[in-house]
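Engineer: coordinates only, sequence not included:
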Ligand SMILES: Nc1ncnc2c1ncn2[C@@H]1O[C@H](COP(=O)(O)OP(=O)(O)OP(=O)(O)O)[C@@H](O)[C@H]1O
Ligand SMILES: [Mg+2]
């Protein structure tokens with residue numbers, strides 16, 4: 001039974017992490033991959049992105065050892081029976097405090113144990129995929145998420161691509177690898193790209209030079225991607241034929257190929 005964990009991270013806020021996590025996890029589930037989307041962000045955006053009430057989530061799973069069936073919400077009502085969501089509720093704030101202050105609490109180990117039950121889901125022969133959305137910080141929760149993941153995907157808008165956020169993350173990957181983690185860089189994803197902007201083209205060229213072969217197909221700045229969460233829908237159901245759906249479909253295809261799914 002195989003499981004692949006993809007963490008979506010960038011310390012910079014508002015660069016499309018949650019949009020990417022929601023688009024990829026719903027896209028994978030649609031293709032038949034048993035998928036678990038976990039909101040590791042204390043702000044708990046994903047539940048509201050998908051038009052859901054907050055509820056028990058990551059804290060209850062990792063700290064209170066609640067059964068996965070009690071915290072995973074199947075997205076059947078949304079049209080994604082293969083997708084389970086573990087919301088990040090306000091208790092994730094306490095999770096961060098606990099991880100930071102309690103020396104006996106091993107965050108990565110707790111995460112790994114909490115994720116273990118999902119590794120038996122791939123009944124149809126397809127890899128189970130766990131997608132972790134993270135907060136714009138290098139918090140203990142984020143480091144724990146990075147240390148249990150196989151792949152890191154870094155969304156970045158061209159405006160912030162040159163800032164130190166990506167460098168710090170890549171450094172964290174190296175350090176975690178040295179500590180025995182199985183983490184590799186899956187790709188850097190340019191988001192909110194204006195195709196008419198010469199600066200944006202320039203930035204993408206610079207990213208390609210800095211990360212050869214690792215820059216994913218860019219996602220343009222498109223209004224449908226800002227509107228979809230207001231309707232509580234992923235882009236595939238909000239505007240299936242839109243340019244936005246096309247852009248994320250190209251990213252999805254590339255992610256499947258690179259992660260060997
Ligand atoms: N390609 C895009 N074009 C237009 N709007 C977008 C695009 N991607 C995301 N958005 C919108 O931009 C806002 C920020 O996106 P998102 O929440 O995905 O970023 P984030 O990196 O998760 O932010 P945070 O760091 O606060 O968690 C949202 O309102 C989202 O709908
Ligand atoms: Mg987010």
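Structural biologist: Looks like it came in fine. From a predicted model like this one, the values you see are computed outputs, not experimental measurements. Ligands and ions are numbered 1, 2, ... in the order given.
Engineer: Which residue ranges of the protein form helices?
Structural biologist: Secondary structure of the chain by DSSP state H: the helices cover 17-30, 45-49, 58-62, 68-71, 92-101, 107-115, 140-148, 165-178, 198-210, 223-227, 235-238, 243-258.
Engineer: Put together a markdown table for those, with mean pLDDT and distance to ligand 1 on each row.
Structural biologist: Using the backbone N, CA and C atoms, a C-beta is placed for each residue, glycine as well. Formatted as a markdown table, the helices of the chain follow (pLDDT from 0 to 100; distance: least, C-beta to the nearest ligand atom, whole Å):
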| stretch | mean pLDDT | distance to ligand 1 |
| --- | --- | --- |
| helix 17-30 | 97 | 3 |
| helix 45-49 | 86 | 6 |
| helix 58-62 | 88 | 15 |
| helix 68-71 | 88 | 21 |
| helix 92-101 | 76 | 13 |
| helix 107-115 | 83 | 19 |
| helix 140-148 | 90 | 11 |
| helix 165-178 | 89 | 11 |
| helix 198-210 | 93 | 12 |
| helix 223-227 | 97 | 4 |
| helix 235-238 | 97 | 9 |
| helix 243-258 | 98 | 7 |
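Engineer: and residue 126, which of these is closest to it?
Structural biologist: Nearest to residue 126, of all the helices of the chain, is helix 17-30, at 9.0 Å by C-beta to C-beta.
Engineer: is that closest one anywhere near ligand 2?
Structural biologist: Yes: Helix 17-30 is in contact with ligand 2 by C-beta under 5 Å from the ion, via 17-18.
Engineer: List the buried residues in stretch 215-226.
Structural biologist: Judged by neighbour count using 16 or more other C-beta atoms under 10 Å, the buried positions of stretch 215-226 are 215-222, 225.
Engineer: Now flag whichever of those is closest to residue 49.
Structural biologist: Of all the buried residues of stretch 215-226, residue 49 sits closest to residue 225, with 11.2 Å by C-beta to C-beta.
Engineer: Wait, residue 62 touches residue 111, no?
Structural biologist: Yes: using C-beta atoms under 8 Å, residue 62 is in contact with residue 111, at 6.3 Å.
Engineer: re the thing from before, list just the nearest of the buried residues of stretch 215-226 to ligand 2.
Structural biologist: Ranked by distance to ligand 2 (C-beta to the ion), the buried residues of stretch 215-226 are led by residue 225 at 13.0 Å.
Engineer: Thanks a lot, see you next time.
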